[in-house]
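J.: Provide a 3D model corresponding to the input given below.
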Amino acid sequence: MIALGQFLEVLIGGLMSGVLYSLVALGFVLIFKASGVFNYAQGAMVLLAGLALVRALDLLVANGLPLWVAVILAIGFAAVIMAATAWLIERFVIGPLVNQDGLTLFMSTIGVTFVIEGAAEMIFGSDVYPLRLFPTDAWFLFEGLFPGGILVNKLDVWGALIAGVLVAGLAVFFQRTKTGRALRAVADDHLAAHSIGIPISWIWFVVWLVAGLVALVAATVWGTKLGVQFSITFLALKALPVLIIGGLTSIPGAIVGGLIVGAGEKLAEVYLGPSIGGGIEYWFAYVLALAVLLLRPQGLFGERIIERV
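T.: Reported below is the predicted structural model:
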């Protein structure tokens, strides 16, 4: 029973951590699904959203506002910052490169990454800023079944609930709304979409805005977990295996990929680590991603792309 309890605790902890990775991966999927652009700047957008949120929150609380009012206003301020960022990216980066190939657009997002990181730290500061929007203590479940119970972090549970709501909302947005269908049309062929009257610039602004708001949601959870700091940008690297496993065009795939990565790296660290050395959780996800690339290059839920030549 002790071994089973330990296994369940490691598995549940890994699944919950994977959901947090999925929150970052969703931003990549949104932009790639709607515009065909692989947005390397998503990690920097999480940093910008987190810094705008925590600095505004600290300022408002220091001026005597009630915490709940300060949280609402700070989230609104951060959302405005992300909307302005989306407009600037569309207006000065993506818009002028509308007819360029995917590699050119990808390279442009690398440049955007450095601009966002530098501007965010220049405007809002470069220290580590604690953020306390969610509880960070733990529950001990099934104490009657397993000695000591199974530890589950409340922050991870909040992250799972938020990710579930996001996926449901985005699925409805893409499938049921006029704007969502227009986004899918632009992703398939932006020239054809433009020829039938779909405003490409507006659509790309919307998708970058939605990705920015998803980055803000991810920042609230990861900022509570780690504090808002520069290293939060490296979440983009952690999201890459999630994207490869789940598929670059699938929103549910981002969640499933995150669950696989989170559970896989935690189980490998606990059960394989003592045999082959520690630190497995830092590279095991990339081994899983490589295996998926060899067996199913489009990912578990990605669309198979067929090109006629």
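
J.: can you give me the strands in the stretch 51-200 of the chain?
T.: 138-141, 150-153 (DSSP state E, counting those that start in this stretch).

J.: C-alpha coordinates for the first one, PDB please?
T.: If I follow you right, that is strand 138-141. Taking Å, rounded to 0.1, in the frame of the first residue of the first chain, the C-alpha atoms of strand 138-141 are listed here in PDB:
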ATOM      1  CA  ALA A 138      -1.500  21.200   0.100                       C
ATOM      2  CA  TRP A 139      -4.200  18.700   0.800                       C
ATOM      3  CA  PHE A 140      -3.600  15.200   2.200                       C
ATOM      4  CA  LEU A 141      -6.100  12.900   0.500                       C
END
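
J.: Just to check, Pro130 is in contact with Gly227?
T.: Yes. Counting by CB atoms under 8 Å, Gly227 is a contact partner of Pro130 at 5.0 Å. C-beta here means a position set from N, CA and C on the backbone, and glycine is covered the same way.

J.: more neighbours, these two?
T.: Using other CB atoms under 10 Å as the criterion, Pro130 and Gly227 rank with Gly227 on top: 17 against 12.

J.: Next, the contact list for that one, please.
T.: Residues near Gly227 by CB atoms under 8 Å, 6 or more residues apart in numbering: Val128, Tyr129, Pro130, Leu131.

J.: Out of those, name the two that are farthest from one another.
T.: Farthest-apart pair in those is Val128 and Leu131; separation 10.2 Å (CB to CB).

J.: Overlap of the contact sets of the two?
T.: Counting by CB under 8 Å, 6+ apart, the shared contacts of Val128 and Leu131 are Gly227, Val228.

J.: So those two - more neighbours on which side?
T.: Each of Val128 and Leu131 has its neighbours counted (other CB under 10 Å); Leu131 has more, 21 against 13.

J.: for the stretch 201-309 of the chain, what are the low-confidence residue spans?
T.: 304-309 (pLDDT under 70).

J.: those helices in it, which residues are they?
T.: Taking DSSP state H, counting those that start in this stretch, the helices of the stretch 201-309 of the chain run over residues 235-246, 251-271, 273-276, 284-295.

J.: Packed most tightly, which of those helices would that be?
T.: Comparing the helices of the stretch 201-309 of the chain by mean neighbour count (mean count of other CB atoms under 10 Å), helix 235-246 comes out on top with a mean of 25.

J.: Could you export that helix as CSV, CA atoms only?
T.: The C-alpha trace of helix 235-246 is given here as CSV (Å, rounded to 0.1, in the frame of the first residue of the first chain):
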residue,chain,number,x,y,z
LEU,A,235,8.8,28.0,-19.9
ALA,A,236,8.7,28.3,-23.7
LEU,A,237,11.4,25.6,-23.9
LYS,A,238,9.4,23.4,-21.5
ALA,A,239,6.3,23.8,-23.7
LEU,A,240,8.1,22.5,-26.9
PRO,A,241,7.8,18.8,-26.0
VAL,A,242,4.2,19.4,-25.1
LEU,A,243,3.5,20.8,-28.5
ILE,A,244,5.4,18.1,-30.4
ILE,A,245,3.6,15.3,-28.5
GLY,A,246,0.1,16.9,-28.6
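
J.: Who are the packing partners of that helix?
T.: Packing partners of helix 235-246 (3 or more CB pairs under 8 Å, 6 or more residues apart in numbering; DSSP states H and E): helix 2-35, helix 42-62, helix 251-271, helix 284-295.

J.: got these as TSV, with distance to His194 columns?
T.: Output for the helices and strands packed on helix 235-246, formatted as TSV (distance: least, CB to CB, whole Å):
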stretch	distance to His194
helix 2-35	13
helix 42-62	25
helix 251-271	25
helix 284-295	33
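
J.: Indicate which one of these is closest to Met122.
T.: In terms of CB to CB, the element of the helices and strands packed on helix 235-246 nearest to Met122 is helix 42-62, at 10.4 Å.

J.: Give me the phi and psi angles of Pro147.
T.: Dihedral pair for Pro147: phi -60, psi 120, per degrees, to the nearest 10.

J.: What's the local residue count around it?
T.: By other CB under 10 Å, 8 other residues sit near Pro147.

J.: That one contacts Leu4, doesn't it?
T.: No. Counting by CB under 8 Å, Pro147 sits too far from Leu4 to count as a contact (10.7 Å).

J.: what is in contact with the two at once?
T.: When CB under 8 Å, 6+ apart defines a contact, no residue borders Pro147 and Leu4 alike.

J.: Go ahead and confirm Val93 touches Ile110.
T.: No. Here Val93 does not reach Ile110: they are 11.0 Å apart, not a contact under CB under 8 Å.

J.: With neighbour numbers in mind, choose between these two.
T.: For Val93 versus Ile110, neighbours defined as other CB under 10 Å are more numerous around Val93 (18 against 12).

J.: distance of the more buried one from Gly277?
T.: For Val93, the distance to Gly277 (CB to CB, to the nearest Å) stands at 43 Å.
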